[in-house]
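Chemist: how would this look folded up:
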Amino acid sequence: MTCRQGNFFSAAVLLLFTSTMLLMAIFHWGYSAKVLQFPVMAGSLLALCAGWLAVRSFTASEKELDDESELFSEGNRRCSLLKRALWLSAVFPLGYVFGFIVGLLAFSFAYTSYHGLPWWQRILTGFLIFAVVYIGFYELLGVPLPIEPMWMRE
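Modeler: Down below sits the predicted model:
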């Protein structure tokens, strides 16, 4: 599968999943408008990202797509399956011990640093994680998350 096909396929799957979940939330599960605020906001952002990825898969040159995907290629030692699993397994302990805000910010900074992203992308990733977790889940949906570090909890 070429990068162009992979990008388009990823965008199509993302759009299909997002639209299916939103339609089920509205028509099948019958969620109220208050409950739907965050899923609609998150779904809209996902749809925009998928749309951008689909458009990009047709407008970018093959060299640009290859350069962008080089970081995640199979030969890259930083992206082996074991290392991906270790990164994912570090999220919950960091969030539980240091609180979800600090833990996820530390995780996002470490992960983006490990993969060599520029400093502005590290800050942007941290901000987006804060917005999704704290504002979306904790404030809007009322999901009980361990926000404080473990030593500050009662």
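Chemist: now do the contacts for the residue positioned nearest the centre of the chain.
Modeler: Nearest to the geometric centre of the chain sits residue 129, at 7.9 Å (Cα atoms, centre = their mean). Each residue near residue 129 by Cβ atoms under 8 Å, 6 or more residues apart in numbering is listed here: 104, 105, 108. Placement of C-beta: from N, CA and C, glycine included.
Chemist: touching, the first one and residue 91? I think so.
Modeler: Okay, so that is residue 104. Yes: using Cβ atoms under 8 Å, residue 104 is in contact with residue 91, at 7.2 Å.
Chemist: the two: which is more packed in?
Modeler: Taking neighbours as other Cβ atoms under 10 Å, residue 104 and residue 91 compare with residue 104 leading, 22 against 15.
Chemist: would you mind checking which helix or strand in this protein has the lowest mean pLDDT?
Modeler: When the helices and strands of the chain are compared on mean pLDDT, DSSP states H and E, helix 62-69 comes out lowest with a mean of 73.
Chemist: show me what it is packed up against.
Modeler: helix 3-23 (3 or more Cβ pairs under 8 Å, 6 or more residues apart in numbering; DSSP states H and E).
Chemist: just the buried positions in the helix it packs on, please.
Modeler: Within helix 3-23, the residues that count as buried by 16 or more other Cβ atoms under 10 Å are 3, 4, 7, 8, 11, 14, 15, 18, 22.
Chemist: just these: which has the poorest pLDDT?
Modeler: On pLDDT alone, residue 3 ranks lowest of these, at 71.
Chemist: ok, and the closest non-adjacent residue to it?
Modeler: Nearest non-adjacent residue to residue 3, counting by Cβ to Cβ, 6 or more residues apart in numbering: residue 65, 3.8 Å away.
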